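Peer 1: attaching a predicted model along with its sequence, questions to come.
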Amino acid sequence: MKGIKEHRNKHRRVNLAVKNPEFKFNFKDIVKYNVTALYVFAFMVPNITGFMSGFLFGLRFLLFVVCVYICQIATEAINLFRIEGSVSDIASASFLFLTHMVQVVKVYYLYKYIGRIKILINLINCKEFQPKSNFQRETLKSYIKMARFITLSFWSACVCTCSFWAIYPFTLNELQLPLAGWFPFDTTKTPYFEWAYTFQIISTALNGISNISIDTLMSSLIMVICAQLNILNDSLRNIRLFAEAELDQKGFRNATDRDEISPRLQYTMNRILVECIVHHRCILKFSTEFQALFANSILGQFIVSGIIICVTLFEMAMTPAGSIQFFSLLLYQMCMLLEVFLCCYYGNEIIIKSNSLTVSAYHCDWVYSSEQFKKNLIFLMTRSQLKTIIYVGNFIPLSLDSFVKVTRRLADQQQRIERVSILAQPPFRRNQKVMPTEGLFKTSKENHESSSSWCSEPGRAQRQRCNGMNLNLPMWMHSAVRRSSAGTVAASSTQSWLMVGIFLLQLTSELINFHYLEGSVTDIVSASFLTLTHAVQLVKVLFMYKYMRAIEVLIESINRPEFQPKSDYQRQILKSYVRAAKWILGGFWSMCTLTCWCWGIYPLLEEEIRLPLAGWFPFDLSNKINFAIAYIFLIIGAWFNGICNIAVDTLLSALIMVVAAELTILNDSLENIRNFSEAELGATFKNFGDKGEVSPDLQKIMNQKLIDCIVQHRNILRFNYEYQNVFSNVVLAQFVGSVVLICITMFEMALAPVGSVHFFSMSGYQCCMLLEVYLVCYYGNEVMLQSTKLTYSAYHCSWENSSEEFKKNLLYFMTRSQVDIKILAGSIFTLNLSCFVTIIKSSWSYFAVLRSINN
């Protein structure tokens, strides 16, 4: 048995050996065809070194991008705008236009991130991504061959599709262009027909090849991640064999005849394990950068591909089977499906390969290895339990399950289009200056006094956060706050009661009017949408009064010492969140004002003057003075209540932004623990050793920095816990109300003439309703994403050569951080983008039912 085992290991070590270790494998060949095509068509900017290279790029840009790409989009857009026909005509004119529109998104991100994309492509050939054996080299070669085969097959399918489109007009009895498009001349006459015909075929083929090059570039980069995870699994399983092969080449052998490992072999195995850990980190960074660069492009591809596949299915159903047009649409359909399938398939492979890392690490012959090896291995196994998943738009995972869900919905959508075709036959700071006059916010003096206990620390970052994150606090939350004088108390109390009085009067007027209402579904819907808004607002107000002191404590805790930035970069992160909060609030208030203004002028444009909103009043509205009083009350009341309601909603989203911002800077602190420690250690003390060892002084500071990060993490968890205790039911009420309100507003928009003032007012109101839900869902999703990155950041904190105490503390932290931080609405719904999509779907379903009842 011993001889058989030694023979097997010797045979495997021979297969593991690299023929020429100094030879650098060129894995960038996996994207060679795609990048070359994009450079040729000027969709990627090359490194311009002189006048001639710049001139040639400008010439290609003018020819392919301006004269071919932009001109074709212009002809399709104008044709779609001018078309007047059935659903079939619209579908025929739109499917290629939608393809080119999503290509605009891809090209925009290519130009925007061209520098980072080049760096990402160059990372493919980094030292950590090089194969360590002949088997790994053959694995990478197989991925290169597959990527080239996919690209060439796509290009061939594109050329065949364009060939069918080119032949199709000659099978008709009259001159007809192969594709829909508008031209400033009569295309039924020669030579104009030949010019338009040639332009459409050539431009479609060139744009198709360039679009395919972008799609296959994205799928090839996903294949890079998959390939590297594949060879990392192989490296982990064969750590001992790699170490023995390396020692054999140096003339050393294992010192014992049993399974025990010699100290030299233990040292070599530990070094190779550290190399695998570094390799794993590089893969994770590559994956993170890929998502940052291409997530929005793939999301656009997903959305538009779903529409295009649906429209193409409809076109195929209307086309005789076996005709040239049918085969051209069939090929086009295959291209659309494969564009989505490739990303989903290799994204699914990444999940599978990353899920195998723990198993591979478990099979690395660790039983008789050193304690150092085992400790490093447990860190790797702890991190590798989290799957590597590529998300599209931060909420759709690239997997085969996602592909099945996308395709499953297409048949339903296609059937809906067919039914429509049958039925549609022709017969913050600036806010604090404004709001004290309205009684919704504290005066600057009150704000200073109430915040003096937690804003006393000097520094620009503290002042920035005091003025930024606290800009949405309504006045009626502060009745229990200490006042500096009796005059201030009286003024603030008067403003508060005035606002509450306006709110209750308007809500009462709407409820009584709703009770006496007798009419059609349209009248009931028109009278109910603002009533429901104010009913939801009443729930928010009651909870705000109930938890008034808890909300004040929560806001005061934003500036606690643990939440302060530790570097200029972290300060800039917090400033960006402050700016976003201010822009959101300012945009909301502007939209509210515009909506109320449209409501105010809408009745004046009608033949018979009426009230802008539904309401009951205890006096005769035929009297001009009474009518004017009711008119002014409704508009001003709607505006005041809208401003107050928006203040509550943006407060909800701003506090979630605090959690997301603190998690972002916590991730940065974890990744840069060693850098921060070395900066604190200063130039007086220098680290020693040439092999990555850490001095005792540096180890002590690193451990203290880690403890600070753990304390910050605990405070973030407490903040999130308190937020959910206070606002969970408020967000749930907003969700339930928004489902009904979005449905009702869509119904109102469907009844209003497109382009009318009433239509625009309801559109503005709809935007407010959607944004109220979207903001909390988006930033709740950001909290989940940032909390998911905590284990990733801890894994990248240069822990390999740190102290034992540091590793133990880090392991505790990584174990806890594997549980995502989630914000729940009513302990039922998780705040994320999937929840937002579910709300929109529910509203659309209720809208369809409501429209059927009305019909």
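Peer 2: Looks like it came in fine. Numbers count the residues shown, from 1 in each chain.
Peer 1: can you pull the poorly scored residue ranges out of this structure?
Peer 2: Applying pLDDT under 70 to the chain picks out residues 1-23, 84-88, 252-260, 408-499, 514-523, 525-526, 607, 683-693, 755, 853-855.
Peer 1: can you give me the buried ones in stretch 629-637?
Peer 2: 630, 631, 633, 634, 635, 637 (16 or more other Cβ atoms under 10 Å). All C-beta atoms are positioned from the backbone trio N, CA, C, and that covers glycine.
Peer 1: for the residue lying closest to the fourth one once chain neighbours are set aside, give me its contacts.
Peer 2: Going back to what we said before, that points to residue 634. Nearest in space to residue 634, with sequence neighbours left out and distances taken as Cβ to Cβ, 6 or more residues apart in numbering, is residue 613 at 4.8 Å. By Cβ atoms under 8 Å, 6 or more residues apart in numbering, the residues touching residue 613 are 530, 599, 634, 635, 638.
Peer 1: and for residue 554, the neighbour number?
Peer 2: 19 (other Cβ atoms under 10 Å).
Peer 1: how about it, phi and psi?
Peer 2: Backbone torsions for residue 554, taken as degrees, to the nearest 10, come to phi -60, psi -40.
Peer 1: for residue 396, same thing?
Peer 2: Torsion angles, degrees, to the nearest 10, at residue 396: phi -110, psi 110.
Peer 1: one more: residue 821?
Peer 2: Torsion angles, degrees, to the nearest 10, at residue 821: phi -90, psi 120.
Peer 1: pretty sure it is touching residue 662, no?
Peer 2: No - the criterion here is Cβ atoms under 8 Å, and residue 821 misses it with residue 662 at 10.5 Å.
Peer 1: the two: who's more crowded?
Peer 2: residue 662 (26 against 21).
Peer 1: helix or strand right after the helix or strand that contains that one?
Peer 2: For residue 662, the host element (DSSP states H and E) is helix 624-671. Using DSSP H and E, the next helix or strand after helix 624-671 towards the C-terminus is helix 673-681.
Peer 1: now do the following helix or strand past that following helix and helix 673-681, the angle between them.
Peer 2: Proceeding N to C from helix 673-681, the next assigned helix or strand is helix 696-751, under DSSP H and E. For helix 696-751 against helix 673-681, the angle by axes from the mean of the first three to the mean of the last three Cα atoms, to 10 degrees is 130 degrees.
Peer 1: after helix 696-751, which helix or strand is next?
Peer 2: Per DSSP H and E, the helix or strand that comes after helix 696-751 is helix 757-795.
Peer 1: just the residues contacting the helix or strand immediately after that next one in the chain, thanks.
Peer 2: Using DSSP H and E, the next helix or strand after helix 757-795 towards the C-terminus is helix 804-817. Helix 804-817 is touched from outside by 375, 378-379, 382-383, 699, 702-703, 706-707, 709-710, 713, 787, 790-791, 794-795, 797, 799, 802, with contacts defined as Cβ under 8 Å, 6+ apart.
Peer 1: buried subset of those residues, written for ChimeraX?
Peer 2: Buried residues among the contacts of helix 804-817 (16+ other Cβ under 10 Å), as a ChimeraX selection:
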select :375,379,382,383,699,702,703,706,709,710,713,787,790,791,794,795,797,799,802
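Peer 1: how far out from the middle of the chain is stretch 647-656?
Peer 2: Computed by Cα atoms, centre = their mean, to the nearest Å, the chain-centroid distance of stretch 647-656 equals 20 Å.
Peer 1: again, but for stretch 224-243
Peer 2: Counting by Cα atoms, centre = their mean, stretch 224-243 comes out at 31 Å from the chain centroid.
Peer 1: do the same with stretch 835-854
Peer 2: The answer for stretch 835-854 is 24 Å, by Cα atoms, centre = their mean.
Peer 1: which residues touch it?
Peer 2: The contact list for stretch 835-854, computed with Cβ under 8 Å, 6+ apart, reads 395, 520-522, 525, 735, 738-740, 742-744, 746-747, 750, 770, 773-774, 777-778, 780, 825, 829.
Peer 1: show the buried residues in those residues.
Peer 2: Buried, going by 16+ other Cβ under 10 Å: 395, 525, 735, 738-740, 742-744, 746-747, 770, 773-774, 777-778, 780, 825, 829, out of the contacts of stretch 835-854.
Peer 1: how about the helices in the stretch 201-350 of the chain?
Peer 2: 239-250, 263-317, 324-355 (DSSP state H, counting those that start in this stretch).
Peer 1: wait, the stretch 501-650 of the chain
Peer 2: 521-546, 548-556, 568-601, 624-671.
Peer 1: export these as a markdown table, with columns for distance to residue 239.
Peer 2: What follows is the helices of the stretch 501-650 of the chain, written out as a markdown table (distance: least, Cβ to Cβ, whole Å):
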| stretch | distance to residue 239 |
| --- | --- |
| helix 521-546 | 57 |
| helix 548-556 | 49 |
| helix 568-601 | 36 |
| helix 624-671 | 26 |
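Peer 1: tell me how far the nearest residue to residue 705 once chain neighbours are set aside lies from residue 107.
Peer 2: Spatial nearest neighbour of residue 705, excluding adjacent residues (Cβ to Cβ, 6+ apart): residue 673 at 4.8 Å. Remark: distance between residue 673 and residue 107 (Cβ to Cβ, to the nearest Å) = 40 Å.
Peer 1: quick one: which of those two has more around it?
Peer 2: More crowded of residue 673 and residue 107, by other Cβ under 10 Å: residue 673, with 26 against 22.
Peer 1: who touches stretch 167-187?
Peer 2: Outside stretch 167-187, the residues that reach it (Cβ under 8 Å, 6+ apart) are 72, 75-76, 78-80, 82-83, 92-93, 96-97, 165-166, 188, 192-193, 196-197, 200-201, 204, 323-325, 328.
Peer 1: going by neighbour count, which of those residues are buried?
Peer 2: Counted by 16+ other Cβ under 10 Å, the contacts of stretch 167-187 give 72, 75-76, 79-80, 92-93, 96-97, 165-166, 193, 196-197, 200-201, 204, 324-325, 328 as buried.
Peer 1: let me see the domain layout of the protein.
Peer 2: 2-113+132-423, 432-854 (automatic domain parsing).
Peer 1: among those, which is nearest residue 122?
Peer 2: domain 2-113+132-423 (7.7 Å; Cβ to Cβ).
Peer 1: the nearest residue to residue 130 once chain neighbours are set aside and residue 37, how far apart?
Peer 2: Leaving aside its sequence neighbours, residue 130 sits nearest to residue 25 (Cβ to Cβ, 6+ apart; 5.7 Å). Note on residue 25: its distance to residue 37, by Cβ to Cβ, is 23 Å.
Peer 1: neighbour count: these two, which is higher?
Peer 2: Set side by side, residue 25 and residue 37 show more neighbours around residue 37, with 20 against 17, by other Cβ under 10 Å.
Peer 1: and the host helix or strand of the more buried one, what does it pack onto?
Peer 2: Per DSSP H and E, residue 37 falls inside helix 32-40. Secondary-structure packing of helix 32-40 (3 or more Cβ pairs under 8 Å, 6 or more residues apart in numbering; DSSP states H and E): helix 134-167, helix 192-237.
Peer 1: of those helices, which stretch is the most buried?
Peer 2: Stretch with highest mean neighbour count among these: helix 192-237 (a mean of 22; mean count of other Cβ atoms under 10 Å).
Peer 1: I figured the residue nearest to residue 705 was touching residue 703, is that so?
Peer 2: No - using Cβ under 8 Å, residue 673 is not in contact with residue 703, being 9.2 Å away.
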